[in-house]
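1. Below are the sequence and a predicted model; questions follow.
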Amino acid sequence: MAETSVGGTTFSPQLLFDVPTRRLGWEYVYDGPPRPSPLADGQPRWSDPPPYDDAWVPGARLLARTHDPGRNAGRVVAVVLLVVALVVLLLVGRAGVWALLVAAVAGAAAVPLWRWVRAPERAVDERLRRERVDHDRWVRDYRSSFQTAVADWQQAVRDHQRAEIARQDADRWYPVVPPAIGDAVDVFGGDPEGWAAFLATFGSGVLADGAGILVLDLTRDGVADDLLGMAADAAVPVALVALPDQLSRSDPLAGLPPDAVVEVLTGALGAGRDGDHRGQEERDTDADLLAALVRCLDGAVSLPRLAAAARVLAGRQDGGLLTGAEVGRLVEEMDHAMRFPAARDRLGAIRVALDLLAGDTPPVPDVQPLLPSAAPGLALVETGGPNDRRKDLLDRLLVQVLERALLDRFPTGWRSTVVLAGADGLGLEALERLARQARRSEVQLVRLFRHLRDGTERLLGAGAAATVVMRLANAQEAALAAEFIGRGHRFQLAQRTREVTRSLGDSSGGGRSSEDSAAEGRSVTGRRPGRQVAVSGTRGASTGRSESWSRSVTDAWSESSGEQRVYEYEVEPTTIQQLPGATFALVTGGERRVVFADANPAIVAFPKVAREPLDATTAPLALPSPSA
């Protein structure tokens, strides 16, 4: 498929037809630039473990030596035995075998005795050895735990970075889907370029879904031309009817029964008329006169023949379009109609209107219905021409014909979507009836209004499942749209305070005390007078030891914020006035949600475009998308 250009962007329209998703546009979701990890500044810090404190050893050894007097005596005995053994060995040459035996016995007795005496001190040494081993093991565990903490911190930072990269690589554009089939979509505001983009995006999604779409373009701006060209390039069946040029071959009344012709023309002539008592009387008179015209005609009723009948009824020439019998019946009806002044007044208005609708183009024998029923595909009906009055009548007649077709539920396989572009001047009553009938017939009706005034503001949210607000340059219209989108209470951040505190502390202490005191005395009281001997003695030893070590690292983080409650627009009027051409705000029914989206069809060629819509339960209120 050849490339096309929409809004200054060149892309392949085939991309639109490759995604079978009904869409109104795409919403742009951007969650901000890459964020640094909150743990980036929390790297574990190394602090040297304290050395082993052996200040307790001297006191423990002193206590081991002095706490048991028996062992102290054994120490003396062992020393004496060793000395004896040494002396005997020195004299072994002179003392003979008995001296060797005595030395061996003394040495053998001194060794276990010395071991028994040294047992408490050896216990102190064993304790010192064990505690040093435990301290070394604790230091290794401390170092290992620090390395594990560093590795965990690095992994957490890497995981955050990977998550941020994945978030940046995620889809940015998500399709905004229309409501279900049978629910209406009303579009307010915008310009021809924006409408063309909207129809190209929406219509291509409908066609890609395998359904058909009917577009009534009443704008004179060719807002559906882009969609028509893309559908033709994609080999989608298309049908184009341009009015009033093709009225001779595509008559709006072709295929309608007589009663439907009367209803359709009565509605077209009375569209926009006040619904008071006088307006209803005029409608009744129009219906009677049109019914009389239809009764007088034989065979199929067409606009040129009906206009000729109205001229005959008003006393003018038919132009050769009627038979003699038809003219005779009309002359008889003329005598009856001219008796009533109201009928004479309305007959003139009907004749003028039918002449404008029929024009001066002679009909052809094989007249086709105005609304083609072939599906799937695109059917486009455009109205234009230099005569504004004729165009207005054609527009209103098209709406009536469409309503009647919906009432008859169309032939099997009829298009599921109808777009009415330029619906501002069609009359509120006719538009409301059309919307009700479309809902009953399970046909999705999309109405596009240039302005939000002259009564169209009454249609905001009136039975529409979705409302699309495009750019409204007028301040009053933008204010109405902003009011419809709604106001809400918000808590606005007023101030924020953040405090970070880090403290690091070390403390260690130790103490040792030892005391050794000895006293000896004896007291003897004899029988002899004047003589007294007193001996008293105490012996004791004490030692004390205390030590402590602690290390603390404290991180404190606190943040406080203050908010105030405000009541303001969800979307400001100035935002609506400044929306780009294809950007719109979508207000959904049911669970009310406001979404900003862009209908530029070239977005489908952008990177990071999702095929499925964003989950509405998690989607935030989006901001207007960047310019596509």
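-> Perfect, thanks for sending it.

2. now the stretch 251-400 of the chain, which segments are flagged as low pLDDT?
-> Applying pLDDT under 70 to the stretch 251-400 of the chain flags the ranges 271-278, 337, 361-366, 372-375.

3. Could you pull out the strands in it for me?
-> 368-369, 378-383 (DSSP state E, counting those that start in this stretch).

4. how near is V381 to L216?
-> Separation of V381 from L216 (C-beta to C-beta, to the nearest Å): 5 Å. In this view, the C-beta of every residue, glycine as well, is placed from N, C-alpha and C.

5. ditto for V594
-> Taken as C-beta to C-beta, the span from V594 to L216 is 29 Å.

6. Those two: who's more crowded?
-> Neighbour count, other C-beta atoms under 10 Å: between V594 and L216, L216 has more, with 26 against 17.

7. Figure out which of the strands of the stretch 251-400 of the chain is closest to P192.
-> Closest approach to P192 among the strands of the stretch 251-400 of the chain (C-beta to C-beta): strand 378-383, 13.1 Å.

8. Which secondary structure elements does the closest one sit against?
-> strand 213-217, helix 225-233, strand 238-243, helix 388-407 (3 or more C-beta pairs under 8 Å, 6 or more residues apart in numbering; DSSP states H and E).

9. so what strands line up beside it?
-> Strands that pair with strand 378-383, judged by DSSP bridges, come out as strand 213-217 (parallel), strand 238-243 (parallel).

10. can you redo those strands as CSV with mean pLDDT and distance to A166?
-> Formatted as CSV, those follow (pLDDT from 0 to 100; distance: least, C-beta to C-beta, whole Å):
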stretch, mean pLDDT, distance to A166
strand 213-217, 94, 38
strand 238-243, 90, 43
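
11. which stretch among the ones you listed comes nearest L306?
-> Of all the strands paired with strand 378-383, strand 238-243 comes closest under C-beta to C-beta, at 16.5 Å.

12. circling back to that earlier point, can you say which of the helices and strands packed on strand 378-383 is packed in most?
-> Mean neighbour count (mean count of other C-beta atoms under 10 Å) peaks for strand 213-217 among the helices and strands packed on strand 378-383, with a mean of 26.

13. want to try a markdown table for the helices and strands packed on strand 378-383, with distance to L269 as columns?
-> A markdown table is the format used below for the helices and strands packed on strand 378-383 (distance: least, C-beta to C-beta, whole Å):
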| stretch | distance to L269 |
| --- | --- |
| strand 213-217 | 19 |
| helix 225-233 | 31 |
| strand 238-243 | 17 |
| helix 388-407 | 8 |
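
14. Pull out the buried residues from stretch 602-614.
-> For stretch 602-614, the neighbour count (16 or more other C-beta atoms under 10 Å) marks A602, I603, V604, V609, A610, P613, L614 as buried.

15. need the contact list for the fifth one.
-> Spelled out, it's A610. D171, W173, Y174, P175 (C-beta atoms under 8 Å, 6 or more residues apart in numbering).

16. quick one: the third one is in a helix?
-> Right, Y174. No - per DSSP: H, G, I helix; E, B strand; the rest coil, Y174 lies outside any helix segment and is strand.

17. That one contacts W26, correct?
-> Yes - applying C-beta atoms under 8 Å, one finds Y174 in contact with W26, separated by 6.3 Å.

18. got a pLDDT number for F584?
-> Residue-level confidence at F584 comes out at 94, pLDDT.

19. can you tell which of the strands of the stretch 251-400 of the chain is closest to L347?
-> strand 378-383 (26.0 Å).

20. Pull out the buried members of the contacts of A610.
-> Among the contacts of A610, those buried by neighbour count (16+ other C-beta under 10 Å) are W173, Y174, P175.

21. So which residues of the stretch 1-150 of the chain form strands?
-> Listed in chain order, the strands found in the stretch 1-150 of the chain under DSSP E, counting those that start in this stretch are 4-6, 9-11, 25-28.

22. comparing these, which gets the lowest mean pLDDT score?
-> Note on the strands of the stretch 1-150 of the chain: lowest mean pLDDT is at strand 4-6, with a mean of 63.

23. Distance to P58 and mean neighbour count for the strands of the stretch 251-400 of the chain - can I get that in a markdown table?
-> Shown next, in a markdown table, are the strands of the stretch 251-400 of the chain (distance: least, C-beta to C-beta, whole Å; neighbours: other C-beta atoms under 10 Å):
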| stretch | distance to P58 | mean neighbour count |
| --- | --- | --- |
| strand 368-369 | 118 | 16 |
| strand 378-383 | 104 | 24 |
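
24. Any chance of TSV for those strands, columns distance to L321?
-> Listed next are those as TSV, based on distance: least, C-beta to C-beta, whole Å:
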stretch	distance to L321
strand 368-369	19
strand 378-383	24
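
25. Looking at these, spot the one closest to F188.
-> Nearest to F188, of the strands of the stretch 251-400 of the chain and by C-beta to C-beta, is strand 378-383 at 21.0 Å.

26. can you give me the offset of the longest helix along the chain from its chain's centre?
-> Once the chain is assigned using DSSP state H, the helix that runs over the most residues is helix 97-169. Relative to the centre of its chain, helix 97-169 is centred 59 Å away, using C-alpha atoms, centre = their mean, to the nearest Å.

27. helices and strands around it, which ones?
-> helix 56-66, helix 69-90, helix 92-95.

28. Next, the angle from that helix to helix 56-66.
-> 150 degrees (axes from the mean of the first three to the mean of the last three C-alpha atoms, to 10 degrees).

29. Average pLDDT for the helix or strand hosting A430, rounded please.
-> Per DSSP states H and E, A430 falls inside helix 428-440. Throughout helix 428-440, pLDDT has a mean value of 88.
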